[in-house]
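S.K.: the following comprises the amino acid sequence and a computationally predicted model.
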Amino acid sequence: MAAEGNVPKIFPSSHKTVVILDHSPFMSEPCGQTVDFDILPKQSRAAPGIIPLAPLAKSLWTCTVEAASEYARVVYDVYPPRSRDKLLKFVITDTEARPLNSWVEEEQSLSNVLQGLAVVGPPSESDDAENCSVMHGLAMAVESLCEGSEKQLEHKASLADPEEPVVNKGRVVCITTVKSQGHIQMLEECMQEAIVQHNKIAEAADKLPITHCELVLIHTVPVGADNNIQDEPNKEVSSLLSCEVHSVHSGRHIAAKLALLVQKHFHLTSTTITGIPMKEEQNASTSANYDVEILHSKDAHIEILKMGSTSQGYDSSGFACSKDSFGRETVILKWCTPKTNIIELHYCTGAYRITPADVNSRPSSCLTNFLLNGRAVMLEQPRKSGSKVISHMLASHGGEIFLHCLGTGRSPLEDPPSISEGTGGRVTDYRITDYGDFMKENRLMPFPVPQEGHILPAKEATAVLERTTRYWPLVISDTIIFNMASHIDPLPTLITKAELTEDEVVECQKSIYHLVGMESRSEPLPIPAMGTRGKGPKRDEQYRQMWAELDTLLRAHASTSVNHQKVLECLQEIRRPAEEAKESSRKAGKKEEVVVKEERVMTEQSTAELAWQEIQRYKAMSERERSDFEVGNTNNDHFRHRQQTEVSSPPIKKLKTSLEDSQGKQQGGPPSLLAIWTSRINSKYASRHCEFAGRLTAEGNKAELYVNLNKDSTNGTSDKPTSVKQEKRGP
């Protein structure tokens with residue numbers, strides 16, 4: 001086991017990388033991509049007497065060395081050798097394998113690698129191609145991975161148990177030319193056997209056995225040549241070895257492939273700085289905008305990479321990004337005109353070393369020199385919409401250039417934000433005091449190692465938090481019972497306990513009975529005025545909300561124990577009579593509505609039946625009866641009497657015939673102005689009115705009209721009305 005205080009350290013595959021370069025005679029062939037060496041302009045070439053120079057063609061070896069050296073330059077720039085985090089070792093293989101450097105810090109530099117390549121020289125066509133094999137290099141690569149780096153050896157020495165294994169992973173990048181798929185399988189088997197054999201030797205020779213190795217085979221052929229080897233993704237050959245195959249043409253294609261692999265192997269990403277103003281060499285008075293691509297750790301864009309990328313040049317959050325023809329993705333940042341000095345303080349969340357993707361270009365050289373002179377450049381994100389956001393800064397420290405990530409949100413150096421600026425927006429009536437008490441009650445304290453059979457303090461604290469937060473409103477206006485602590489205590493505190501005693505159950509029931517007494521006395525509830533407009537809900541509605549909230553609280557804790565269930569049952573028994581009374585009154589009201597509706601329907605039906613019977617009787621009348629009915633002759637009284645006796649119609653309401661009956665009457669109290677005015681008008685017009693003479697002489701103030709009508713009908717003159725009608729019909 002590791003000593004106390006030492007954290008077991010795992011060295012990733014990128015900690016040690018072996019680069020194998022094939023030095024066989026085949027690598028001396030031309031790459032198939034020419035370079036125009038003639039520096040004269042085209043107009044001068046066309047002049048007579050000038051013979052243009054023939055274009056040059058690099059060999060496969062030259063293209064491989066350039067791509068591999070660029071691979072090493074990026075690693076050494078971003079991860080300097082003094083950090084001893086990312087180590088490279090170059091191996092040349094032909095008839096034998098020869099290392100160019102070791103894992104020692106002094107030999108981890110690009111200049112040391114280039115010197116070794118210069119000593120080796122280009123491959124010769126006269127070498128024996130049959131004896132040249134890349135297997136020599138693979139065997140040396142496995143042997144090199146078994147050698148511990150300085151950090152690994154220091155970690156092993158710090159372990160309390162020398163027998164404890166150190167996790168030793170590595171990667172092998174082999175640039176060669178394979179003949180077929182069978183050749184690739186043979187190389188995989190050779191690599192697997194070499195790892196097994198060297199692990200056995202490493203255990204006896206006090207070296208580090210290989211835990212896992214990644215083999216990256218890069219098959220390269222001249223540009224335009226047939227390429228029958230297909231790319232293969234990373235596959236597990238065994239528990240000790242994984243392999244992937246990349247098939248590319250030489251020239252600029254292999255350089256782009258290694259530039260893509262170095263980002264993948266060492267957790268790097270690309271950023272393109274656009275809109276850099278630079279003066280032209282030919283005309284110093286004018287300037288043009290250039291773009292410079294830089295490489296750095298992917299952690300510098302961790303917030304952007306979380307968003308994911310989409311098409312149309314923008315990711316899902318609106319940040320600009322693009323891809324080149326080789327599939328490399330780059331994040332675009334725009335040069336910001338306001339430049340600042342390096343001594344100014346900025347809220348920075350991280351700083352990462354950078355290296356130009358094309359170190360020999362003029363824009364990269366100008367930007368590097370500008371930053372090394374002590375200047376800092378602000379970079380903004382060109383968004384698809386919205387205002388610009390300055391998210392990064394370029395500055396140099398100690399002769400090295402760093403990309404600084406600036407905080408785009410609120411800085412902890414500023415004043416703390418108001419609670420109204422949080423997730424709730426304009427909500428300001430949070431239960432801040434109650435939340436402070438809640439934090440104090442749930443503080444964690446150091447605790448000795450618990451004995452066997454005891455609950456761990458962390459689990460017990462989690463259980464307390466779970467019970468306490470089953471019902472805990474955040475806003476004052478969302479709760480009633482927590483705003484009336486003096487009336488309901490100690491129920492909210494006791495109900496959150498894991499167990500309730502009988503005495504505590506009685507205390508909770510007393511709190512419930514106290515609320516019932518308050519409701520019976522119609523006492524107002526202490527509801528705060530925050531978050532409400534106007535007068536607020538009525539008293540009955542407030543008590544209804546309070547009982548509903550209390551029921552929610554007790555139901556949330558009813559499953560904790562049997563005594564918790566008793567408290568809930570107490571509330572339900574108390575509220576059951578009130579609910580039953582409301583239910584019965586509700587049902588009685590519904591019954592009354594049904595009775596009224598039935599009476600109304602019966603009245604309508606009786607009226608309709610009466611009208612229908614009258615129509616039937618009218619149709620059954622003779623011509624004379626119809627004429628007498630229309631004139632209103634009293635001889636039809638027997639018919640009307642029979643009609644009234646057969647069907648009893650509902651009584652007719654008495655109509656109001658005077659203004660006094662409808663408006664002037666007073667039901668009590670002093671007379672109104674309208675009553676006084678009405679009585680005055682009535683008395684005034686009563687003095688001017690002449691009463692009908694017949695009413696004055698009649699009994700009961702009612703005069704009988706047509707007194708002699710009945711006498712004429714008894715004397716046999718009943719035909720007179722008919723004769724009168726006949727006379728009226730004559731001409």
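M.R.: Thanks, I have the structure now. Residues are numbered from 1 along each chain as shown.
S.K.: now do the SS call for Arg171.
M.R.: The assignment at Arg171 comes out as strand when based on DSSP: H, G, I helix; E, B strand; the rest coil.
S.K.: cool, and Thr34?
M.R.: Thr34 ends up strand, using three-state DSSP.
S.K.: where does the stretch 401-550 of the chain dip in pLDDT?
M.R.: 409-428, 450-453, 528-537 (pLDDT under 70).
S.K.: ranges for the helices of it?
M.R.: Secondary structure of the stretch 401-550 of the chain (DSSP state H, counting those that start in this stretch): helices at 432-441, 457-468, 485-488, 491-494, 502-520, 539-557.
S.K.: does anything pack onto the fifth one? Which helices or strands?
M.R.: When contacts are defined as 3 or more Cβ pairs under 8 Å, 6 or more residues apart in numbering; DSSP states H and E, helix 502-520 sits against helix 485-488, helix 491-494, helix 539-557, helix 562-620. (Each C-beta comes from the backbone N, C-alpha and C, glycine too.)
S.K.: could you tell me the least trusted of those?
M.R.: Least confidently modelled of the helices and strands packed on helix 502-520 is helix 562-620, at a mean of 70 by mean pLDDT.
S.K.: one step back: to Leu268, which of the helices of the stretch 401-550 of the chain lies closest?
M.R.: Comparing those against Leu268 with Cβ to Cβ, the closest turns out to be helix 457-468 (39.8 Å).
S.K.: just to revisit the earlier point, pick the most deeply packed of the helices of the stretch 401-550 of the chain.
M.R.: Most buried of the helices of the stretch 401-550 of the chain by mean neighbour count (mean count of other Cβ atoms under 10 Å) is helix 491-494; its value is a mean of 20.
S.K.: so what touches that one?
M.R.: Contact with helix 491-494 is made by 481-482, 485, 500, 504, 507-508, 511-512, 553, 567, as judged by Cβ atoms under 8 Å, 6 or more residues apart in numbering.
S.K.: and if you look at stretch 469-489?
M.R.: Contact with stretch 469-489 is made by 427, 429-431, 434, 438, 492, 496, 511, 514-515, 518, 525-528, 530-532, 542, 545-546, 549-550, 552-553, 556-557, as judged by Cβ under 8 Å, 6+ apart.
S.K.: try it again at 7 Å.
M.R.: Applying Cβ atoms under 7 Å, 6 or more residues apart in numbering, the contact partners of stretch 469-489 are 427, 429-431, 434, 492, 511, 514-515, 518, 525-528, 530-532, 545-546, 549-550, 552-553, 556-557.
S.K.: how far away from the center of its chain is that stretch?
M.R.: 30 Å (Cα atoms, centre = their mean, to the nearest Å).
S.K.: check which residues of that stretch are buried.
M.R.: Buried residues in stretch 469-489, counted by 16 or more other Cβ atoms under 10 Å: 471-473, 476, 479-484, 487-488.
S.K.: just those now: which is nearest Ile294?
M.R.: For the buried residues of stretch 469-489, the nearest to Ile294 is Trp472 (50.4 Å; Cβ to Cβ).
S.K.: do a quick rundown of the helices in the stretch 201-350 of the chain.
M.R.: 252-265, 302-307.
S.K.: quick check: mean pLDDT of the first one?
M.R.: When pLDDT is averaged over helix 252-265, the result is 92.
S.K.: is it correct that Ser297 is in contact with His267?
M.R.: Yes - the pair Ser297 / His267 is scored as a contact, 6.3 Å apart, by Cβ atoms under 7 Å.
S.K.: which of those two has more neighbours?
M.R.: Counted by other Cβ atoms under 10 Å, Ser297 and His267 do not tie: Ser297 has more neighbours, with 19 against 13.
S.K.: can you give me the pLDDT of that one?
M.R.: pLDDT at Ser297 comes out at 91.
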